[in-house]
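*Asks:* Mind looking at a prediction? Sequence and model below.
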Amino acid sequence: MQCSVPLFDAVPLITVFVCVVLGQLLGRIKFGPIQLGGVCGALLVALLVGQTGCMVEGSLKDFAFALFIFAMGFSAGPQFVENLNLRGLRFGVLSIIEVVFVFGIVMLAVNFLSLDPGTAGGLAAGAATESAMVGTAIEALNRLGLDPATFKALQANVVTAYTLTYVFGLITIVLFTNLLAPRLLGIDLKAESARLSKEMDDENGESLGTPAAPDLVGRSYRVAHPGLTVASLEASLDGRVAVERVRRATAQVPVAQDLALIAGDELLLVGRRDAMLDAHALVGPEVAGTETNDIVLVEREYVMTNKEAEGRTVADLRREAPVELRHGVFVKSVKRMGMQLPSLNKIPLQRGDMVTLQGLAEDVERAGAVMGKPVPHGNKTSLVFVGLALIVGLCIGHISVHIGGAPMTLGSGGGALVSGLASGWLLSRRPTWGTFPPAAYELLKDLGLAVFVVCVGLSAGPQAAVLLREHGMALPVVGICVSLIPALVSLWVGHKLLRIDGPILIGAIAGQQASTPAISAVVQTANSALPVVGYTVTYALSNVLLPLMGPAVVFVAHQFSR
């Protein structure tokens, strides 16, 4: 079928980017808490454009998918590996429930509705809102030894089934996590999140915005109440303020913990803005600082690699660390998988966490050297590291193992995913071995997946209507079941057996379905980042387990259809 749009026929790549741009615009449209997102939007546009006969030949599709799934594995690698232990198993149970029930429900649909392998793979990917499974399912179809016409038809079924069920799966999980789950638990999500945050003693507050004034400041005070030492002053202010300089008469006195302060001493204090009010009452009046122009507060990020710090909270580390190490150092935030943790006092740190330290440069560098490795700044990507990792992954993907007489391989997608996981974990331990900035791998994830789904959508366009006529509303109904049933089971198991707090459990359920729109809506509803605590664990696990399940769905469905 020849393309009926001359420009698209002359320059096929224009077709790709037109679909990407229009798909992104379509994906931004919101219907209450529901937003399709750029991937589903691009696929819908590609299916429509595909009706004109326009398509993109060649290996662009495979190239884009390899980049996407490698970048996805890279971003999830540190969190995935860190949760392969007993602590992670508690939340990992929910991801396992997701995989088991998605697979089981899809296989029931295959049996009762006589679904072909392509439709089964697309149904699983769409209802579970896991776009990466589209690629692994299509790769699995390519390894079944089908004739070109059959492969093309089944590939179209993957895309069409995914598009149709994704919409219903997304709506189901967003409504479940924001409306149904809190009611089933008998909680008000916002009120319960506020209560738990207060219990966690979140020193950073729960505001979703950015404060207008900096949280760390320096002020000069004149001692009016003698009898204090540096140690007793800092202890009275709960470690929220550090004495950085003492000026007595015309001379500067070396700061030591046992230094006794006398009336008239001028102190330079650095600490939390709210603590300065207490310092004013405890020390004396604020004065215009002298010789403070050389005092520069810095903010630097470190990858937490210290084994001894793993499993401890920020509050634990402040309490246990020697005073000379913690003096003048303040933890601004901790990010895990790019999402900020809501509390620093009750949530244990994991290796691979991004810890932002504030304070004087010498204090921050001293503590940072013990905490881990500085995060490389800049926008350069080590193409040697990324390229070698991709080569290794693609080679791994084509290693074949015979099971039951049938050759089984991870495929290019599975190999790139495994390589991405290993590379992300490795660089979280050895940041100096290579650089792959977050902006770079986020670009590869977004653009790679968008280009991939556009390519398969264009090729699937002409056959899309066939599947819709054959199954009608059966696929959306099954898609709702695939999304809803694992969520209900996980809610019961997490609440009754695992005893996970409601807001954290709801975040974990959004993560087990790898649904970024769902967690975004939950965070807004809760007016708190607390649900992120559960989300990061299950999201990392499901982003690996669900794509790897794609080939299994295709293979078993193929056996049923023979």
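*Replies:* Perfect, thanks for sending it.

*Asks:* centre of the chain versus the lengthiest helix in the chain, how much separation?
*Replies:* Across the chain, the longest stretch assigned as helix under DSSP state H is helix 532-561. Here the centre of helix 532-561 is set off from its chain's centre by 17 Å, with C-alpha atoms, centre = their mean, to the nearest Å.

*Asks:* What residues of that helix count as buried?
*Replies:* The neighbour-count check on helix 532-561 (16 or more other C-beta atoms under 10 Å) flags 532-558 as buried. Where you see a C-beta, it was placed from the backbone N, CA and C, and this is true even at glycine.

*Asks:* do the same with stretch 238-255
*Replies:* Within stretch 238-255, the residues that count as buried by 16+ other C-beta under 10 Å are 239-247, 255.

*Asks:* For the closest residue in space to Ser131 that isn't next to it in sequence, the count of nearby residues, please.
*Replies:* Spatially, and ignoring its direct neighbours in sequence, Ser131 is nearest to Val39 (5.0 Å; C-beta to C-beta, 6 or more residues apart in numbering). Neighbour count for Val39, taken as other C-beta atoms under 10 Å: 25.

*Asks:* Repeat that for Val287.
*Replies:* 12.

*Asks:* Now do the same contact list for it.
*Replies:* If you count contacts by C-beta atoms under 8 Å, 6 or more residues apart in numbering, Val287 has them with 220-222, 266.

*Asks:* Could you tell me which of those residues count as buried?
*Replies:* Buried by 16+ other C-beta under 10 Å: 220-221, 266, out of these.

*Asks:* Tell me the one of those nearest Ala153?
*Replies:* If you rank the buried ones among the contacts of Val287 by distance to Ala153 using C-beta to C-beta, Ser220 comes first, at 76.5 Å.

*Asks:* a strand runs through that closest one, doesn't it?
*Replies:* Yes: residue state for Ser220 (DSSP: H, G, I helix; E, B strand; the rest coil) corresponds to a strand.

*Asks:* these two touch, right, it and Leu267?
*Replies:* Yes: between Ser220 and Leu267 a contact is recorded at 6.8 Å, counting by C-beta atoms under 8 Å.

*Asks:* For the helix or strand hosting Val384, which residues meet the burial criterion?
*Replies:* Using DSSP states H and E, Val384 sits in helix 383-397. The neighbour-count check on helix 383-397 (16+ other C-beta under 10 Å) flags 385-386, 389-390, 392-394, 396-397 as buried.

*Asks:* any idea how far it is from the chain center?
*Replies:* Worked out by C-alpha atoms, centre = their mean, helix 383-397 lies 23 Å from the chain centre.

*Asks:* Quick one: residues in contact with that helix.
*Replies:* So helix 383-397 is contacted by 66-67, 70, 409-420, 422-423, 427, 433-436 (C-beta under 8 Å, 6+ apart).

*Asks:* hmm, try it at 10 Å
*Replies:* With C-beta atoms under 10 Å, 6 or more residues apart in numbering as the contact definition, helix 383-397 has outside contacts at 62, 66-67, 69-71, 73-74, 139, 382, 409-424, 426-427, 433-436, 440-441, 444.

*Asks:* For the stretch 401-550 of the chain, which segments are assigned as strands?
*Replies:* If DSSP state E, counting those that start in this stretch is used as the criterion, the strands of the stretch 401-550 of the chain fall at 401-403, 406-408.

*Asks:* wait, doesn't Arg195 sit right on Ala526?
*Replies:* No: contact criterion C-beta atoms under 10 Å: Arg195 and Ala526 do not qualify, at 11.2 Å.

*Asks:* so what sits against both of the two?
*Replies:* The contact lists of Arg195 and Ala526 share 188, 502-503, where a contact means C-beta under 10 Å, 6+ apart.

*Asks:* among those, which ones are buried?
*Replies:* Buried members of those, scored by 16+ other C-beta under 10 Å, are 502-503.

*Asks:* Helices - which of the shared contacts of Arg195 and Ala526 land there?
*Replies:* Using DSSP H, the shared contacts of Arg195 and Ala526 in helices are 502-503.

*Asks:* Include distance to Val355 and pLDDT when you put the shared contacts of Arg195 and Ala526 into JSON lines, please.
*Replies:* Formatted as JSON lines, the shared contacts of Arg195 and Ala526 follow (distance: C-beta to C-beta, whole Å; pLDDT from 0 to 100):
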{"residue": "Asp188", "distance to Val355": "32", "pLDDT": "90"}
{"residue": "Gly502", "distance to Val355": "28", "pLDDT": "89"}
{"residue": "Pro503", "distance to Val355": "23", "pLDDT": "90"}
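
*Asks:* JSON lines for the shared contacts of Arg195 and Ala526, including distance to Asp147?
*Replies:* Shown next, in JSON lines, are those (distance: C-beta to C-beta, whole Å):
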{"residue": "Asp188", "distance to Asp147": "58"}
{"residue": "Gly502", "distance to Asp147": "53"}
{"residue": "Pro503", "distance to Asp147": "52"}
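
*Asks:* ok, back up a step: pLDDT check: weakest of the buried residues of helix 383-397?
*Replies:* Lowest pLDDT of the buried residues of helix 383-397: Gly397, 79.

*Asks:* Now do that one against Ala140, distance only.
*Replies:* Note on Gly397: its distance to Ala140, by C-beta to C-beta, to the nearest Å, is 12 Å.

*Asks:* likewise Val451?
*Replies:* 20 Å.

*Asks:* and these two? which has more neighbours close in?
*Replies:* Taking neighbours as other C-beta under 10 Å, Val451 and Ala140 compare with Ala140 leading, 27 against 23.

*Asks:* C-terminal to the helix or strand hosting that one, what's the next element?
*Replies:* Using DSSP H and E, the element containing Ala140 is helix 132-142. Remark: after helix 132-142, the chain's next helix or strand is helix 148-175, criterion DSSP H and E.

*Asks:* returning to what we had before: ChimeraX command for the buried members of the contacts of helix 383-397?
*Replies:* Buried members of the contacts of helix 383-397, defined by 16+ other C-beta under 10 Å, are picked up in ChimeraX with:
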select :62,66,67,69,70,71,73,74,139,382,409,410,411,412,413,414,415,416,417,418,419,420,421,422,423,424,426,427,434,435,436,440,441,444
